[in-house]
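1. The following comprises the amino acid sequence and a computationally predicted model.
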Amino acid sequence: MPETAQRLDGLKAAREIKEELAERIQVLVDEHGITPGLGTVLVGDDPASHSYVGGKHKDCAQVGINSIRRDLPEDISQEDLEKVIDELNADPATTGYIVQLPLPKHIDTNRILERIAPEKDADGLHPVNLGRLVLNVADAMSSPLPCTPHGIVQLLVRNGISLNGKNVLVVGRGVTVGRPLGLLLTRRPINATVTLAHTGTVNLPELLREADVVVAAAGFPGMIKAAELKPGAIVLDVGVTRVTDPETGKTTLMGDVDKDAAAVASWISPNPGGVGPMTRAMLLSNVVEAAERQAGILVE
Ligand SMILES: Nc1nc(=O)c2c([nH]1)NC[C@@H]1CN(c3ccc(C(=O)N[C@@H](CCC(=O)O)C(=O)O)cc3)C=[N+]21
């Protein structure tokens with residue numbers, strides 16, 4: 001099928017955002033003597049997690065953010081991991097940091113995430129920061145936004161797309177994407193009408209037919225088919241699943257949206273090259289913003 005949809009190019013938008021951040025970092029360094037630092041906490045040796053964390057440090061080097069990397073053994077105890085969190089909370093060189101998810105099964109993830117100092121939460125996933133989003137008081141002055149939802153908004157805005165009054169179907173209720181995205185898109189002035197679908201949803205085909213915008217964040221490769229979309233829909237493909245070909249042993253990344261959707265949609269985010277790079281750009285943005293708050297640049 002011919003591809004008619006315009007591309008929501010995440011690599012291009014992320015490049016623009018990184019250029020803007022590099023200028024703000026220069027101001028922080030020159031005028032305030034602060035070099036922002038991003039810390040990553042990585043437990044175990046999952047290859048996908050290693051590749052993501054490696055990408056984040058490469059991004060940091062490009063824009064002038066220092067990298068603080070804590071790679072820890074798979075069998076680390078809850079107590080020892082909490083000690084690392086406490087160290088990063090106390091380390092002035094670490095402006096913001098993330099704990100790469102998923103953590104091993106023996107670790108209580110929520111207890112770890114709650115221990116991160118909210119002002120150093122680069123993911124925007126600390127209960128205090130998610131709470132500010134629920135209360136609709138999250139802004140650059142006070143707290144970070146979750147990276148993937150914020151990246152999706154930026155990708156649309158930077159392509160001149162407004163969601164005002166549009167029917168947005170979010171497929172997936174995960175804590176990093178679906179749930180906070182619903183909160184973000186229903187704020188003024190974004191003003192979207194959001195439906196949050198999940199594995200318990202019984203009428204997904206009907207919801208898809210009505211949706212002006214579809215955000216697929218379910219983690220089931222190829223689950224959204226071209227024929228199910230409303231013609232002209234705007235499609236954001238967030239899901240990433242690593243699929244290994246049993247014959248060649250080669251691993252490829254697959255999104256939640258069928259490739260043929262590009263013949264039906266008006267706009268589509270490629271995967272890879274769409275929302276993923278935007279998530280990383282927003283992580284950098286959260287670190288720079290945290291440093292600006294610390295420098296007193298962002299005050300009311
Ligand atoms: N605390 C925490 N924060 C996260 O933000 C977080 C996490 N844990 N755990 C895993 C997921 C996944 N995630 C991605 C980010 C960028 C790409 C990305 O940039 N992908 C490239 C392709 C990269 C490749 O080839 O591997 C692309 O879409 O073009 C993908 C996935 C962040 N996550």
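-> On my side now, so go ahead.
2. Relative to the ligand, how far out is the spatially closest residue to N159 that is not a sequence neighbour?
-> Beyond its immediate neighbours in the sequence, the residue positioned closest to N159 (CB to CB, 6 or more residues apart in numbering) is L8, lying 5.8 Å away. Placement of C-beta: from N, CA and C, glycine included. Distance, L8 to the ligand, by CB to the nearest ligand atom, to the nearest Å: 12 Å.
3. What is the burial count for L8?
-> By other CB atoms under 10 Å, 26 other residues sit near L8.
4. Do I have it right that it meets I268?
-> Yes: counting by CB atoms under 8 Å, I268 is a contact partner of L8 at 6.6 Å.
5. that older thread, what's the per-residue pLDDT of the residue nearest to N159 here?
-> On pLDDT, L8 comes in at 98.
6. circling back: which residues do L8 and I268 both contact?
-> L236 (CB atoms under 8 Å, 6 or more residues apart in numbering).
7. List phi and psi for the residue in the stretch 151-300 of the chain positioned nearest to the ligand.
-> Here the stretch 151-300 of the chain gets closest to the ligand at one residue, G276, 2.2 Å apart by CB to the nearest ligand atom. With angles defined as degrees, to the nearest 10, G276 sits at phi -60, psi -50.
8. where does the residue nearest to N159 fall, phi/psi-wise?
-> phi -90, psi 90.
9. From H57, how far off is it?
-> In this view, L8 and H57 are 26 Å apart by CB to CB, to the nearest Å.
10. again with T109
-> 22 Å.
11. Same question for A48.
-> According to CB to CB, A48 stands 16 Å off from H57.
12. Who has more neighbours out of those two?
-> Higher neighbour count among A48 and H57: H57, with 16 against 13, using other CB under 10 Å.
13. I'd say the more buried one and D71 touch.
-> No: counting by CB under 8 Å, H57 does not reach D71; the two are 11.1 Å apart.
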